[in-house]
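> with the sequence up front, the predicted model follows.
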Amino acid sequence: MIYFQLFLAFLQIGAFSFGGGYAAMPLIQSQVIDKYAWLSTSDFSDLVTISQMTPGPIAVNAATFVGNQVAGIPGAIVSTLGVILPSCIFVTLLAWLYVKYKNLKPLQEVLSALAPAVIAMIFTAGLTILVPTVVPSGFANIATDVNIRAFVLFLVAFFVLQKYKTDPILVMVGCGVAELIVQFATSSL
């Protein structure tokens, strides 16, 4: 019975939480604390911390954590399957519809119209990360507070990605290693 409850609770979370992991947190809290009392409030704060600390979507990490706490490894598996099943069904349905109707002119027009918006959102997200990294105290102090090292790493990474079409993961690891070397070199001086 507990496996069915875990599956059903996280199936609802997976089906009705739109907008990412933070939007799912109230729904997760409602299910695991209020409805089933699987976790205490302090355990829920641990869940939030662990879900953010580990790689992967917050809802999936939360499902795995709660399932493991409640019913061990089988509970973790059942909870995780419950939370990802709605997305798998939805994406499969969308892929089927796209393959079936990809040559329709209205669909192509809609996708063409969405492309600039997606590019703008990606660009905005990049700036949201880049600007505070390169100018930590904001543009008001741009003349005195520019993180030159971060800006140089950005330029090198951008150049390597554009010129050599390198795997972005390798570029990220390379930037991390370069920063570690610089940190080590400056701390030993």
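Arrived safely.

> in this structure, which residue is closest to the centre?
residue 57 (5.4 Å; C-alpha atoms, centre = their mean).

> against residue 28, how distant is it?
12 Å (C-beta to C-beta, to the nearest Å). Yep, even glycine has a C-beta here, placed from its N, CA and C like the rest.

> residue 94 now?
Distance from residue 94 to residue 28, by C-beta to C-beta: 25 Å.

> which one of the two has more residues nearby?
The residue with more neighbours, out of residue 94 and residue 28, is residue 28; 26 against 10, by other C-beta atoms under 10 Å.

> residues in contact with that one?
13, 17, 47, 59, 62, 66 (C-beta atoms under 8 Å, 6 or more residues apart in numbering).

> ok, so of the residues you listed, who is nearest residue 98?
Residue 98 has its nearest neighbour among those in residue 17, at 23.6 Å by C-beta to C-beta.

> check contacts around the nearest residue to the closest one once chain neighbours are set aside.
Among residues not flanking residue 17 along the chain, residue 24 sits closest, at 3.5 Å (C-beta to C-beta, 6 or more residues apart in numbering). The neighbours of residue 24, taking C-beta under 8 Å, 6+ apart as the test, are 13, 17, 58-59, 62.

> what is the burial count for residue 153?
There are 20 residues near residue 153, going by other C-beta under 10 Å.

> give me the pLDDT for it.
In this prediction, residue 153 carries a pLDDT score of 93.

> tell me the secondary structure for it?
When classified by DSSP: H, G, I helix; E, B strand; the rest coil, residue 153 comes out as helix.

> residue ranges with poor pLDDT in this protein?
Applying pLDDT under 70 to the chain flags residues 20-21.

> any idea which helix or strand comes after the longest helix along it?
As assigned by DSSP state H, the longest helix anywhere in the chain is helix 58-101. Downstream of helix 58-101, the first helix or strand assigned by DSSP states H and E is helix 105-134.

> relative to helix 58-101, how tilted is that following helix?
Helix 105-134 runs at 150 degrees relative to helix 58-101, counting by axes from the mean of the first three to the mean of the last three C-alpha atoms, to 10 degrees.
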